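no letters, just coordinates:
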Ligand code: GDP
Ligand code: MG
């Protein structure tokens with residue numbers, strides 16, 4: 001497949017903006033790649049459509065050909081579709097006991113994952129109680145007991161002759177007496193979606209307070225994963241998903257399908273049969289795995305790094321010569337927006353980190369919206385200047401400033417602030433020559 005892709009890329013020679021043809025050609029290959037990775041076909045169809053809309057007309061980055069540019073966009077969309085960040089299982093606050101119910105088809109990995117989770121939470125200082133609510137499979141209770149013992153975690157069971165909801169209820173009483181602050185209910189699956197199974201899970205939910213319902217899905221489920229996840233979500237409601245058996249050679253399209261259809265976060269991935277084989281879910285790694293285009297993604301990263309470095313060098317030259325004017329200011333803001341992660345970069349640009357942009361430099365996650373707004377206002381001010389003014393900020397007298405303020409729709413005090421900011425920045429640059437140099441190379445650095 002990779003070879004096929006490369007051929008496609010070679011044939012895409014046009015530079016500048018992505019044409020509809022560029023995008024269509026590359027997306028045909030992406031579609032195949034996603035289907036090969038077992039992403040549900042409906043999900044693929046919607047995904048391709050939305051990327052198509054986003055990609056046509058976009059600039060092709062230096063160092064990439066149009067095909068690669070499309071892959072860059074595809075990768076970004078995949079990552080954002082899968083949640084962008086890692087998600088933790090939400091525990092109840094304070095001393096309150098958290099109840100987690102595991103759900104999923106037979107063989108998905110519920111029992112194994114129950115024990116894996118118990119181990120993780122035990123390390124975090126929790127005192128888990130595992131509850132054997134699977135009363136159908138002969139060896140199910142025993143299996144949980146063995147796994148619980150391996151993890152050094154207590155298992156609550158009442159044999160096979162009780163209703164799962166009653167077992168759950170009794171387990172809650174036991175947990176209260178015993179000081180367990182985390183209860184994980186291991187439930188029974190079926191081979192297929194089945195009314196009895198759903199009813200049983202619902203009954204447990206009606207009997208005890210379940211805080212988190214976690215769906216366990218086998219990565220090999222492939223195309224079916226969507227149906228499984230949406231049925232479970234509709235019937236009992238799920239709060240998060242764990243995808244197991246990703247240690248195999250499946251590309252893990254199930255993860256994408258499930259997230260796309262239910263919107264529920266993927267929490268962890270199962271990476272083996274051992275009880276330590278449970279890993280945090282990283283959307284970017286998963287995107288790269290599903291796309292199966294590691295080489296191209298590496299190339300894209302490199303192109304990004306090169307661009308950052310190029311710009312940083314150019315900027316630092318200007319700064320050294322103290323030629324930094326409002327045109328450059330504007331350019332640097334444009335760059336930042338393109339590179340995303342505004343807060344990160346702001347913190348590194350002296351003069352922008354403090355003062356006018358508030359706390360953006362120190363607490364990027366919190367204030368980046370605010371910073372974005374301020375930055376837009378600053379841009380508006382600069383755009384209201386004539387080119388001559390931008391290049392020679394020294395000529396900005398009160399009457400010019402007044403005109404600029406009016407043009408930008410801001411108070412004159414804001415224009416003054418920006419000018420002051422600029423002066424400070426320039427001064428700082430003079431004092432610290434070379435401070436912007438030698439920093440390029442890494443993404444997100446300026
Ligand atoms: P349940 O029916 O949902 O409770 O599934 P089990 O926990 O009994 O797991 C079914 C099988 O899958 C067992 O043989 C497990 O060892 C295996 N299994 C579970 N999770 C993983 C995983 O992440 N990787 C691999 N390779 N095997 C797994
Ligand atoms: Mg089981």
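Structure received. Note that the structure is predicted; figures quoted are calculated from it, not measured. Numbers count the residues shown, from 1 in each chain. Ligands and ions are numbered 1, 2, ... in the order given.

secondary structure element holding the residue most central in space within the chain?
The chain has residue 84 as the residue nearest its centroid, 0.9 Å off, counting by C-alpha atoms, centre = their mean. Here residue 84, judged by DSSP states H and E, is contained in no helix and no strand.

what about the helices in the stretch 1-150 of the chain?
Ranges of helices in the stretch 1-150 of the chain, per DSSP state H, counting those that start in this stretch, are 2-11, 20-36, 41-55, 66-81, 110-123, 140-151.

what's near enough to touch the nearest residue to the residue nearest to the centre of the chain once chain neighbours are set aside?
When the adjacent residues along the chain are set aside, residue 84 lies closest to residue 283, with 5.8 Å between them (C-beta to C-beta, 6 or more residues apart in numbering). Glycine gets a C-beta too; all of them are placed from N, C-alpha and C. Listed by C-beta atoms under 8 Å, 6 or more residues apart in numbering, the contact set of residue 283 reads 78, 79, 80, 82, 83, 84, 85, 86, 266.

same deal with residue 228?
Contacts of residue 228 by C-beta under 8 Å, 6+ apart are 104, 105, 193, 215, 217, 221.

in which helix or strand does it reside?
Using DSSP H and E, residue 228 falls in helix 225-235.

just the buried residues of that helix, please?
225, 226, 228, 229, 230, 232, 233, 235 (16 or more other C-beta atoms under 10 Å).

ok and it relative to helix 41-55, angle-wise?
Here the directions of helix 225-235 and helix 41-55 differ by 100 degrees (axes from the mean of the first three to the mean of the last three C-alpha atoms, to 10 degrees).

helix or strand right after helix 225-235?
Helix 225-235 is succeeded, C-terminally, by strand 240-244 (DSSP H and E).

close to ligand 2, is that next one?
No: using C-beta under 5 Å from the ion, strand 240-244 stays clear of ligand 2, with a minimum separation of 11.6 Å.

which residues sit against that strand?
87, 89, 108-109, 112-113, 212, 214-219, 229, 252, 254-255, 258-259, 262, 264-270, 278, 281.

rerun that using 6 Å as the cut-off
Applying C-beta atoms under 6 Å, 6 or more residues apart in numbering, the contact partners of strand 240-244 are 109, 113, 214-219, 255, 258, 264-270.

rounded mean pLDDT for that strand, please.
In this model, strand 240-244 carries a mean pLDDT of 96.

partner strands of that strand, parallel or antiparallel?
strand 212-218 (parallel), strand 266-270 (parallel) (DSSP bridges).

CSV for the ones you listed, including mean pLDDT and mean neighbour count?
Listed next are the strands paired with strand 240-244 as CSV, based on pLDDT from 0 to 100; neighbours: other C-beta atoms under 10 Å:
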stretch, mean pLDDT, mean neighbour count
strand 212-218, 97, 24
strand 266-270, 95, 24
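
now render those strands as JSON lines, adding distance to residue 417.
JSON lines is the format used below for the strands paired with strand 240-244 (distance: least, C-beta to C-beta, whole Å):
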{"stretch": "strand 212-218", "distance to residue 417": "48"}
{"stretch": "strand 266-270", "distance to residue 417": "45"}
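
ok, back up a step: now tabulate the helices of the stretch 1-150 of the chain in TSV and tack on mean neighbour count.
As requested, the helices of the stretch 1-150 of the chain are exported to TSV (neighbours: other C-beta atoms under 10 Å):
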stretch	mean neighbour count
helix 2-11	14
helix 20-36	19
helix 41-55	16
helix 66-81	22
helix 110-123	23
helix 140-151	19
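
out of those, the one nearest residue 294 is which?
helix 2-11 (8.8 Å; C-beta to C-beta).

tell me the secondary structure for residue 185?
strand (DSSP: H, G, I helix; E, B strand; the rest coil).

that one contacts residue 131, correct?
Yes: counting by C-beta atoms under 6 Å, residue 185 touches residue 131, with 4.8 Å between them.

quick one: name the residues of the chain near ligand 2.
So far as C-beta under 5 Å from the ion goes, the chain lies against ligand 2 at 110, 111.

redo that, cut-off 6 Å
Where proximity means C-beta under 6 Å from the ion, the interface of the chain facing ligand 2 comprises 110, 111, 134, 140, 186.

coming back round to it: backbone dihedrals for the residue nearest to the centre of the chain, please?
phi 70, psi -40 (degrees, to the nearest 10).

what sits closest to residue 215 if chain neighbours are left out?
Residue 215 sits nearest to residue 238 (C-beta to C-beta, 6+ apart), 4.5 Å away.

and that neighbour, what does it touch?
Taking C-beta under 6 Å, 6+ apart, one finds 213, 215, 232, 264 in contact with residue 238.

let me have these in TSV, extended by distance to residue 331.
Formatted as TSV, the contacts of residue 238 follow (distance: C-beta to C-beta, whole Å):
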residue	distance to residue 331
213	50
215	48
232	50
264	42
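
and those residues, which is closest to residue 378?
Distances from residue 378 to the contacts of residue 238, taken by C-beta to C-beta, are shortest for residue 264, at 39.4 Å.

could you look up the SS state of that closest one?
Quick answer, by three-state DSSP: residue 264 is coil.

spell out which residues of this protein are next to ligand 1.
When proximity is defined as C-beta under 6 Å from any ligand atom, the chain approaches ligand 1 at 104, 106-112, 189, 216, 244-245, 247, 270-273, 277.

for ChimeraX, what selects the buried ones among those residues?
Listed next is the ChimeraX selection for buried residues among those, using 16+ other C-beta under 10 Å:
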select :104,106,108,109,110,111,112,189,216,244,245,270,271,272,277
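
low-confidence ranges in the stretch 301-446 of the chain?
The model of the stretch 301-446 of the chain has pLDDT under 70 over residues 315-316, 318-323, 335-369, 429-446.

point me to the residue of it nearest ligand 1.
When scored by C-beta to the nearest ligand atom, the stretch 301-446 of the chain has residue 301 as its residue closest to ligand 1, at 28.7 Å.

next, the angle from the helix or strand hosting residue 256 to helix 225-235.
Per DSSP H and E: residue 256 is located in helix 253-262. Angle of helix 253-262 versus helix 225-235, following the same axes, to 10 degrees, is 40 degrees.

and for helix 253-262, what's in contact with it?
37-40, 43, 81-82, 217, 219, 221, 225-226, 229-230, 233, 241, 243, 266, 286, 290.

of all the buried residues of helix 225-235, which comes closest to residue 93?
Once C-beta to C-beta is applied, the member of the buried residues of helix 225-235 that ends up nearest residue 93 is residue 233, at 25.3 Å.

quick revisit: and the residues of the chain next to ligand 2, which two are the farthest apart?
110 and 140 (9.4 Å).

I figured residue 300 hits residue 72, correct?
Yes: with contacts counted by C-beta under 6 Å, residue 300 reaches residue 72, the gap being 4.8 Å.

what's the closest of the contacts of residue 238 to ligand 2?
residue 215 (13.8 Å; C-beta to the ion).
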